[in-house]
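Asker: Quick one: sequence plus predicted model below, questions after.
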Amino acid sequence: MSLAHRAVAGAALSAAVVMTMAACSASVDSDTSMQERSTVASATAFLDTYVEDGRVVRTDQGGDTVSEGQAYGMLLAVAADDASRFDSIWNWTTANLQRDDLLLSWRWKDGGVVDEQPASDADLDAARALVLAADAFDRDDLRKQGVALGSAVLDEMTAETSLGRILLPGQWATASPHAYNPSYASPAAYDVLERASGDPRWAELAEGSRAATSALLDANALPTDWATIGADGSVAIAGSAGGGGEPGYGYDAARTTIRLAESCDPDDRALAARISSALPNDEVLAAELDSGAGSRTTDQHPVAYAARAAASAADGRSDDARADLRRMAETAASSPTYYGSAWNALTAAMLSDDVLGGCPALAADADGAAAQGTTAPGIGATAGFQDPVAPASANTAPPVHISIPAIGVDTDLNGLDRGADGWIQAPADYDAVGWYEKGVLPGEVGPAVIAGHVDSPTGPAVFIDLPRLTPGDTVAIERADGSTADFVVTGLQTVEKDSFPTESIYAPTPTPQLRLVTCAGAWDPASGHYIDNLVVTAVAR
Amino acid sequence: MFRSASTTSPRRRVTRIAAGATAALVACGLAATVAPAAHATDAAPGGWARVAHLSPDTKSVDVQLTALAGGAVVYELDDVAYGAVSPYIPLADGTYVVSMVPSDAADGTQPVVQQSIDIAEGEPLTVAAFGRNADLTTTVFEDDLSAPAEGEARVRVVQASTVESSVDVDTTEGRVIARDVPAGSATGYAAVPAGSWDLSLTGADEVATSAVDLPAGSVSTVFVLDDAKGSLTAQAITDSATLADMPVGGIHTGGGGTAAASITPLGTEAGTAAGLAGVFGLVALAGILIRRRARAGA
């Protein structure tokens, strides 16, 4: 599969359009290229701020360094396409953190390792980054090291349970019930490493992790920072790695959703989408929630917004996702932290770019210009050029008959014109239905106007039951050429005649539609008219 | 287990975020929610996409639209031939993948084109596959729903010729529609007097004319294409349309015969308001009527 290059800016190109142009495409580009740029820009910003001679410094956490930070730096160096920075971070890591068994010591401070235990999320991210760097920078030596580090993770920090193979947080969690951190599991990393190594345990880990997360979400709708998993497959949420404290959705758990959303497996994305319904909808989202989604703090943090963006993206709600990505970036900018900046950059790369080997949930951009597509040249080729098919010519046959089975309307149509006052004139006969001839032909693109009386001076008329229509009811218009245009009701609205919102009700539409109009509201004896119109919208089906 | 404390507690210390950040976020949220107003009771999905097959040496394709969330196929179109632009497909907000497979291909054949699109309310898109088969490309064009001015039409050019890298489009009367439109691009929309126009298409080597009909109230795209002989041709497709002759006001569609019996409180009150004017609440209702009547007279 050849990954397509970003399509050329589509909408507003440099072609000189000399005639008057509506100024409606002006804002097209801003959002689009923003996303494309943001991966590299936010990755570079993180590297510039937090990396010193290959060491990723937690400047806001005492200036120490953890293996997780080194791994984030390596992933972001790949995202920024910065080979030399990648090398310097990895070199510092091998020189200062990597142990004889290839796993990485967790924490370094003031010139030396202060905690030599490995943390599996860091080692997994580092192994993934090594393989991605091998591809990006054409370096087989890095692939070997990545595969070797991955094998060490499989050997030392996974366990088989009734749910399948799971990722242990560290070597300290080998006894059942295992301490478990759902946010350490990384389906995209498993996938990258499986392709590089061919080791079948990666697929087992992908399956087992999915089963574990799924079981935990059954137990609690939000993922928690910590949990336990028994060898027999029993799961429980936990307040900490040691089991104590109140279970919560905090800085760890937020990553669960992001990692699920970047997975290429639809089952993982479905889990991320499932989390979306458990998160609060409020615009301001607390950095930490309790297990029931109540706020635990008034703090905000980029990773919390990133996680909700990931959940929305997996749920197909791209606009919500983008709104949270903006909040993420705002929060990262207004209150920069090592962890916030890292996840700000990682989320941009994971959700809207495939540079980290996942499947971006926000791959396409609504604004078109940066949308990604794939093509397969050679497939479906013809021997030479073809003539284009002629577009179906517009049907100019006038409408002659209308039927609305739900309310018993089945009658011929008359033509309607505008009066001297500019208003569409109603049918002369109270039992006739008319169509506005200077508008749109029913069945052609646009909103065709059809009007009928609700009553006569003495009793009900043809459209007396129009208010009873409900979405889903059908309308059929027969044309003079014998053809029929079919519509389905989608909505009803009542508007005041004198302030009739022509611009919205008769706004251009890209599909054939109907506006069925009759009277409604109060009767005004002085003018001899009803005050309102009822407008029923129906669309081609 | 003993080392759990040292692994976890120091990991995620965060700085408290000042209230100022909240204000910034609210402003940002507002900017993000600007969208055309929807009809309040409209149950129909608010977005649309259509597909255009603009590759002169690619067979007819079958098109599938799949929702990214859930993976369900939401729409299928069969036998979309070169030069065809599908009708708009109504779609709910969300991300979809458009796949095109040669119509005569065996099951499981790799799609010749896959393109993901984000559908948003009120923002129709055209997904186009263009270029020669050997270097097929896809792009997504944003289409426009703005109404043309009275008596006018709006038109843009999508340049999909693979023979000419750049094309000028003028009317044969010499009115310039677009200059130097590069292959694979769309111009913005230009306003033109409504009517039937003969367009002249001018590339470096090829010159052709093409008749297009641009009725009042219509918004169209002129697709510049290659024909079987490698000459330029063009066809206009309607993007959207509204009433050619825009009315003002509503429509008087009632004789009042059911008004007294009708349930609407205002209608019932109107006939009897004078007799009941002493009742406080009804005075208020009558007042509304009078104000409305005054506006009707203006």
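Answerer: On my side now, so go ahead.

Asker: residue closest to the middle of chain A?
Answerer: A:Ala313 (2.2 Å; CA atoms, centre = their mean).

Asker: any idea how far it lies from A:Ala520?
Answerer: Distance, A:Ala313 to A:Ala520, by CB to CB, to the nearest Å: 42 Å. All C-beta spots, glycine's among them, are computed from the backbone N, C-alpha and C.

Asker: Also A:Pro510?
Answerer: A:Pro510 is 28 Å from A:Ala520, by CB to CB.

Asker: do B:Asp227 as well
Answerer: Taking CB to CB, one finds B:Asp227 at 53 Å from A:Ala520.

Asker: Repeat that for A:Ala310.
Answerer: 46 Å.

Asker: which of those two has more neighbours?
Answerer: Taking neighbours as other CB atoms under 10 Å in any protein chain shown, A:Ala310 and A:Ala520 compare with A:Ala310 leading, 32 against 26.

Asker: show me the contacts for that one.
Answerer: Contact analysis of A:Ala310 by CB atoms under 8 Å, 6 or more residues apart in numbering or on different chains lists A:257-258, A:260-262, A:272, A:321, A:347, A:350-351, A:361.

Asker: if you set the cut-off to 10 Å instead, what comes out?
Answerer: A:254-262, A:269, A:272-273, A:275-276, A:321, A:324-325, A:347, A:350-351, A:361-362 (CB atoms under 10 Å, 6 or more residues apart in numbering or on different chains).

Asker: what's the answer for B:Phe223, then?
Answerer: With contact taken as CB under 10 Å, 6+ apart, B:Phe223 is in contact with A:388, A:391, B:52, B:54, B:83, B:85, B:126, B:128, B:130, B:157-161, B:186, B:210, B:233-237.

Asker: Mind telling me what element A:Leu149 is part of?
Answerer: Take DSSP states H and E as the rule and A:Leu149 turns out to sit in helix A:140-156.

Asker: My guess is A:Ser277 contacts A:Leu271. True?
Answerer: No: at 11.6 Å, A:Ser277 and A:Leu271 do not qualify as touching, with contact defined as CB atoms under 10 Å.

Asker: out of these two, which sits in the more crowded spot?
Answerer: Just comparing A:Ser277 and A:Leu271: by other CB under 10 Å the higher neighbour count belongs to A:Leu271, 25 against 10.

Asker: Give me the neighbour count for the residue nearest to that one when sequence neighbours are not counted.
Answerer: Take A:Leu271 and drop its neighbours on the chain: the residue closest to it by CB to CB, 6 or more residues apart in numbering or on different chains is A:Leu260, 5.0 Å away. Residues lying near A:Leu260 (other CB under 10 Å) number 33.

Asker: Name the SS class of A:Leu260, please.
Answerer: Look at A:Leu260: counting by DSSP: H, G, I helix; E, B strand; the rest coil, its state is helix.

Asker: State the distance from it to chain B.
Answerer: As judged by CB to the nearest CB, to the nearest Å, A:Leu260 and chain B stand 13 Å apart.

Asker: I'd assumed A:Ser186 was in contact with that residue.
Answerer: Yes: the pair A:Leu260 / A:Ser186 is scored as a contact, 9.3 Å apart, by CB under 10 Å.

Asker: overlap in contacts of the two?
Answerer: Counting by CB under 10 Å, 6+ apart, the residues touching both A:Leu260 and A:Ser186 are A:Ser209.

Asker: pLDDT score for residue 18?
Answerer: In the absence of a named chain, chain A is used. pLDDT recorded at A:Val18 is 27.

Asker: ah, I was thinking of chain B
Answerer: Looking at B:Ala18, its pLDDT reads 29.

Asker: now the one 4 residues further on
Answerer: Looking at B:Thr22, its pLDDT reads 31.

Asker: How about B:Asp143?
Answerer: 93.

Asker: how far away is the closest residue in space to it that isn't next to it in sequence from B:Ser185?
Answerer: Leaving out its chain neighbours, the residue that sits closest to B:Asp143 by CB to CB, 6+ apart is B:Pro124, at 4.3 Å. Noted for B:Pro124: a distance of 18 Å to B:Ser185, by CB to CB.

Asker: How about A:Leu142?
Answerer: Distance from A:Leu142 to B:Ser185, counting by CB to CB: 40 Å.

Asker: Can you classify residue 74 by secondary structure?
Answerer: The chain I'm using is chain A. Criterion first, three-state DSSP; result for A:Met74: helix.

Asker: That one - how many residues pack around it?
Answerer: 27.

Asker: show me where pLDDT drops low in the chain?
Answerer: In the absence of a named chain, this looks at chain A. Along chain A, segments meeting pLDDT under 70 span A:1-38, A:363-374.

Asker: should've been chain B
Answerer: B:1-44, B:68-72, B:260-298.

Asker: Can you show me the strands along the stretch 51-200 of chain A?
Answerer: Secondary structure of the stretch 51-200 of chain A (DSSP state E, counting those that start in this stretch): strands located at A:51-52, A:55-56, A:65-66, A:107-109, A:112-115, A:158-161, A:164-167, A:178-180.

Asker: most tightly surrounded among those?
Answerer: Of all the strands of the stretch 51-200 of chain A, strand A:65-66 has the most neighbours on average by mean count of other CB atoms under 10 Å in any protein chain shown, namely a mean of 26.

Asker: Name the residues that touch that one?
Answerer: For strand A:65-66, using CB under 10 Å, 6+ apart, the contacting residues are A:50, A:52, A:55-58, A:72-73, A:92-93, A:96-97, A:104-109, A:113-115, A:119, A:122, A:338, B:7, B:10-11.

Asker: Swap in 6 Å and give it another go.
Answerer: Identification of contacts with strand A:65-66 by CB atoms under 6 Å, 6 or more residues apart in numbering or on different chains yields A:55-56, A:106-108.

Asker: which SS class is the residue in the stretch 51-200 of chain B that chain A sits nearest to?
Answerer: As assessed by CB to the nearest CB, chain A sits closest to B:Gly83 within the stretch 51-200 of chain B, at 2.3 Å. The three-state label given to B:Gly83 by three-state DSSP is coil.

Asker: if we can go back for a sec, can I have the buried ones of the contacts of B:Phe223 as a PyMOL selection?
Answerer: Buried members of the contacts of B:Phe223, defined by 16 or more other CB atoms under 10 Å in any protein chain shown, are picked up in PyMOL with:
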select buried, (chain A and resi 388) or (chain B and resi 52+54+83+85+126+128+130+157+158+159+160+161+186+210+233+234+235+236+237)
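
Asker: B:Leu136 and B:Phe130, how far apart?
Answerer: 8 Å.

Asker: any residues in contact with both of the two?
Answerer: B:Ser55.

Asker: Could you find the closest non-adjacent residue to the residue lying farthest from the centre of chain A?
Answerer: The outermost residue of chain A, judged against the average C-alpha position, is A:Thr458 (56.5 Å), by CA atoms, centre = their mean. Spatial nearest neighbour of A:Thr458, excluding adjacent residues (CB to CB, 6+ apart): B:Gly257 at 4.5 Å.
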